[in-house]
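K.L.:
Below are the sequence and a predicted model; questions follow.
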Amino acid sequence: MRSFPKVASAALALCMVLLSFGSSALAEPKAEVAAATLAWGQALGGADPEKMLPLYSDDAVLWGTLSPTVRSDRAALRDYFVSAFKVLPSLKVAFGDQLIRVYGNAAVNTGYYTFSYVKDGEPKNLPARYSFTYVKNGERWLIVDHHSSAMPSPPR
């Protein structure tokens with residue numbers, strides 16, 4: 001009976017070590033998804049549709065901030081970004097709070113971002129909310145579903 005405290009202490013220490021591995025294992029995919037989202041923002045700032053497309057899976061769906069229709073093939077996604085870069089010159093994005101959830105090889109990143117651009121020589125901002133759904137393909141997280149809409153005005 002005297003060895004019980006030693007066994008309990010060892011078991012507690014082992015549980016703490018295992019829990020620390022578990023939490024870091026969960027943090028890694030979240031960090032990878034955050035990095036994929038940051039890469040999307042950097043590509044957007046480059047104003048090159050050809051740099052945007054590799055971030056999306058071949059069967060991705062985009063319901064963009066500027067689009068009245070859903071885009072569900074590569075040509076339609078490319079067309080969306082070509083138009084966006086024309087309509088919003090010098091387009092950049094700044095991310096606000098992000099809520100990232102990982103479910104095995106799938107993840108969802110929901111939050112808000114603010115687009116900035118120059119129109120008629122004046123800087124403009126467009127606050128919006130988004131949801132990116134990712135699927136891990138090998139070592140890369142690819143967007144399979146992207147929804148973005150302008151932030152609504154507060155109710156009066």
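P.N.:
Yep, it's here. From a predicted model like this one, the values you see are computed outputs, not experimental measurements.

K.L.:
Let's check: the centremost residue of this structure is which one?
P.N.:
T37 (3.8 Å; Cα atoms, centre = their mean).

K.L.:
List the contacts of that one.
P.N.:
F95, Q98, N109, F132 (Cβ atoms under 8 Å, 6 or more residues apart in numbering). All C-beta spots, glycine's among them, are computed from the backbone N, C-alpha and C.

K.L.:
Would you list the phi and psi of it?
P.N.:
Note on T37: backbone dihedrals following degrees, to the nearest 10 are phi -70, psi -40.

K.L.:
Which residues does the longest strand seen in the chain contact?
P.N.:
Determined from DSSP state E, the single longest strand within the chain is strand 122-137. Applying Cβ under 8 Å, 6+ apart, the contact partners of strand 122-137 are 29, 33, 36-37, 40, 57, 65, 88, 105-118, 141-151.

K.L.:
mind listing what's buried in that strand?
P.N.:
Neighbour counts over strand 122-137 (16 or more other Cβ atoms under 10 Å) mark L126, A128, R129, Y130, F132, T133, Y134, V135, K136 as buried.

K.L.:
And for stretch 100-119?
P.N.:
I100, V102, A107, N109, Y113, F115, Y117.

K.L.:
now stretch 41-59
P.N.:
Buried residues in stretch 41-59 (16+ other Cβ under 10 Å): A43, L44, A47, P49, K51, M52, L53, L55, Y56, S57.

K.L.:
what distance separates the start and the end of that stretch?
P.N.:
Start-to-end span of stretch 41-59 (Cα to Cα, to the nearest Å) is 21 Å.

K.L.:
isn't there a strand covering D145?
P.N.:
Yes: under DSSP: H, G, I helix; E, B strand; the rest coil, D145 sits within a strand.

K.L.:
Please name the residues that touch it.
P.N.:
A60, V61, S131, F132, T133.

K.L.:
what separates the helix or strand hosting the second one from the chain centre, distance-wise?
P.N.:
Assigning secondary structure by DSSP states H and E places V61 in strand 56-63. Taking Cα atoms, centre = their mean, to the nearest Å, one finds strand 56-63 lying 13 Å from the centre of the chain it belongs to.

K.L.:
quick revisit: can you list which of the contacts of T37 are found in strands?
P.N.:
Those of these lying in strands (DSSP E): F95, Q98, N109, F132.

K.L.:
any chance of these in a markdown table, plus distance to E122 and pLDDT?
P.N.:
Converted to a markdown table, the ones in strands among the contacts of T37 look like this (distance: Cβ to Cβ, whole Å; pLDDT from 0 to 100):
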| residue | distance to E122 | pLDDT |
| --- | --- | --- |
| F95 | 23 | 98 |
| Q98 | 29 | 97 |
| N109 | 31 | 98 |
| F132 | 30 | 98 |
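
K.L.:
Alright, that wraps it up for me.
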